[in-house]
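[1] Structure for this input, please:
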Amino acid sequence: MFVNTWFILLCALLFVKGAPSGSITSDAAGLDPDSLLTLNLVKQINAFITLESLTTNLISINFDVNNPLPLLPLVIQRIKSNAGVDGTIFATFDHTFSPPFTINPQQTANSGTIPNVNLTQGALASLGIIPLGMLNLDSNITLLELIPIPINGLKQSGVPTM
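    As a prediction, the model looks like this:
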C-alpha cells in the first residue's frame, strides 16, 4: 500500500500544533519560515508584457517550480501570490490549475501561462523593476495530497525574472 509521506508529515504537524480552521501556516505548523526558503520552489518567473498591458495593467506569466522531494510528486491545485521588491507589491494573482499542476520528484516543471496578473503599481511604474531581474514572493498554495492541503505564507526572496 502506498503511503503518502508528505501528507502524513503535514497531518502530524497540524495535530501537534493545531492550526486554525484546517489551514497550515508556517507558525501553526511549528516550522521556521526561514527553513521553507531553503526549498527554493520557484526557480524562475517569466513575465509577458504587451502594448495592451500599458492600459489594462494586466500581464501574463509562467514560472518554473522545482520539487525537491525525493519520492513524492508535488501537486498544486491553486496558488495565490504577491510579487514585489523592497516591500512594495508590484504584481498579484490568484490562479486555480485545471487539471492540477504536477511536478514529479526531483524535477522542475513550468506552470504554463497564467493570464490576468494584476500590476498593482501600474504597467509604467512596474517597468522600472525589470533591470533588477528578480522579485520577492509571498504565496499561499493548495497542494493535493489525498485531500487539499492549504499552506499559507510561503516566502521566497530573489526569484529570477525574465
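[2] Pass me the low-pLDDT residue ranges in the chain, would you?
    Residues of the chain that meet the criterion pLDDT under 70 lie in 1-39, 145-149.
[3] what ranges do the helices span in it?
    Listed in chain order, the helices found in the chain under DSSP state H are 5-17, 33-37, 53-56, 123-126.
[4] how about the last one as CSV, C-alpha atoms only?
    As requested, the backbone C-alpha atoms of helix 123-126 are provided in CSV (Å, rounded to 0.1, in the frame of the first residue of the first chain):
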residue,chain,number,x,y,z
ALA,A,123,2.4,49.0,-16.0
LEU,A,124,4.6,52.1,-16.5
ALA,A,125,5.7,52.2,-12.8
SER,A,126,6.4,48.4,-13.0
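[5] Sort out which residues of that helix are buried, please.
    Using 16 or more other Cβ atoms under 10 Å as the test for burial, helix 123-126 gives 123, 126. Yep, even glycine has a C-beta here, placed from its N, CA and C like the rest.
[6] The one residue sitting closest to the centre of the chain: what's it in contact with?
    When the chain is reduced to its mean C-alpha position, the nearest residue by Cα atoms, centre = their mean turns out to be S139, at 4.8 Å. Listed by Cβ atoms under 8 Å, 6 or more residues apart in numbering, the contact set of S139 reads 79-82, 154-156.
[7] try it again with 7 Å
    When contacts are counted by Cβ atoms under 7 Å, 6 or more residues apart in numbering, S139 is found next to 79-81, 154.
[8] Could you work out the most separated pair of those residues?
    Maximum pairwise distance in the contacts of S139, criterion Cβ to Cβ, is 10.6 Å, between K80 and L154.
[9] Who has more neighbours out of those two?
    For K80 against L154, the residue with the higher neighbour count under other Cβ atoms under 10 Å is L154, and the figures read 20 against 16.
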